[in-house]
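**Student:** After the sequence you'll find the predicted model.
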Amino acid sequence: MSPIRFLILSILMLALSGCGDDDFQDIDAYMNEVRLRPPGKIEPTPTFRSYPTFTYSAANLRSPFSRQVRVDLAGQQRGSRNVKPDPNRVKQYLEGFNIEQFEMVGTIANASGSFALLRGAGGVHRLKVGDYLGRNDGRIVAISASQVDVVEIVPDGEGAWLERPRTIPLKEHS
């Protein structure tokens, strides 16, 4: 056996001999003390009071952060009985969201036509003329580089429907 190997082996044996010390008297004393204690009672879980539920009922009201609309009853448009939403039409995904949350972020065009890119409803969506969005049967009627024109069908308050044009402008620096 070489002297270097013998030296390493002897150092290793000395290091391991220090690990075999049975100096656990403090831990053994604490464990004996805990064992001699009388068994304790477990406290019951606390009872929680149930609070009355609150139902938010202002979801359908006008947002306080949007511009207030002045209603001029003399100049108010009258609805038409010929204009009404199609109840048999299959709703598209983006019709489940308010149109105010959408913003135009760009346009793209390819061989099949031009598309508007609208951000809202948790992502960026590619829409073409004829697609629907918003809760009031909003149909896209025109797409330009600076805006998307939408026509919504809304009730006039007297049992008829009227078409309301909306514009979603391009949001710069988005």
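**Tutor:** Okay, I see it.

**Student:** Just the element for residue 5, please.
**Tutor:** Here residue 5 sits within helix 3-17, counting by DSSP states H and E.

**Student:** Please report phi then psi for residue 96.
**Tutor:** phi -90, psi 0 (degrees, to the nearest 10).

**Student:** ok, it - contacts?
**Tutor:** 121, 135 (C-beta atoms under 8 Å, 6 or more residues apart in numbering). Using the backbone N, CA and C atoms, a C-beta is placed for each residue, glycine as well.

**Student:** and if you look at residue 142?
**Tutor:** Contacts for residue 142 (C-beta under 8 Å, 6+ apart) come out as 129, 148, 149.

**Student:** thinking again about what came up before, after the helix holding residue 5, next one along is what?
**Tutor:** Immediately after helix 3-17, counting by DSSP H and E, sits helix 25-36.

**Student:** Average pLDDT for that next one, rounded please.
**Tutor:** Taken as a whole, helix 25-36 carries a mean pLDDT of 88.

**Student:** what do you get for stretch 54-67?
**Tutor:** 79.

**Student:** re earlier: nearest to residue 168 among the contacts of residue 142?
**Tutor:** residue 148 (4.4 Å; C-beta to C-beta).

**Student:** Residue 162 should be in a strand, yeah?
**Tutor:** Yes - under DSSP: H, G, I helix; E, B strand; the rest coil, residue 162 falls within a strand.

**Student:** Bridging across strands, which residues link to it?
**Tutor:** residue 154 (DSSP bridges).

**Student:** My understanding was that it contacts residue 82; is that so?
**Tutor:** No - Residue 162 sits out of contact with residue 82 when judged by C-beta atoms under 8 Å, with a separation of 10.6 Å.

**Student:** quick one, which of those two is more surrounded?
**Tutor:** residue 162 (18 against 7; other C-beta atoms under 10 Å).

**Student:** How much space separates the more buried one from residue 31?
**Tutor:** Separation of residue 162 from residue 31 (C-beta to C-beta, to the nearest Å) stands at 84 Å.

**Student:** roughly how far out does the helix holding residue 5 sit from the chain middle?
**Tutor:** Centroid separation for helix 3-17 versus its chain: 63 Å, with C-alpha atoms, centre = their mean, to the nearest Å.
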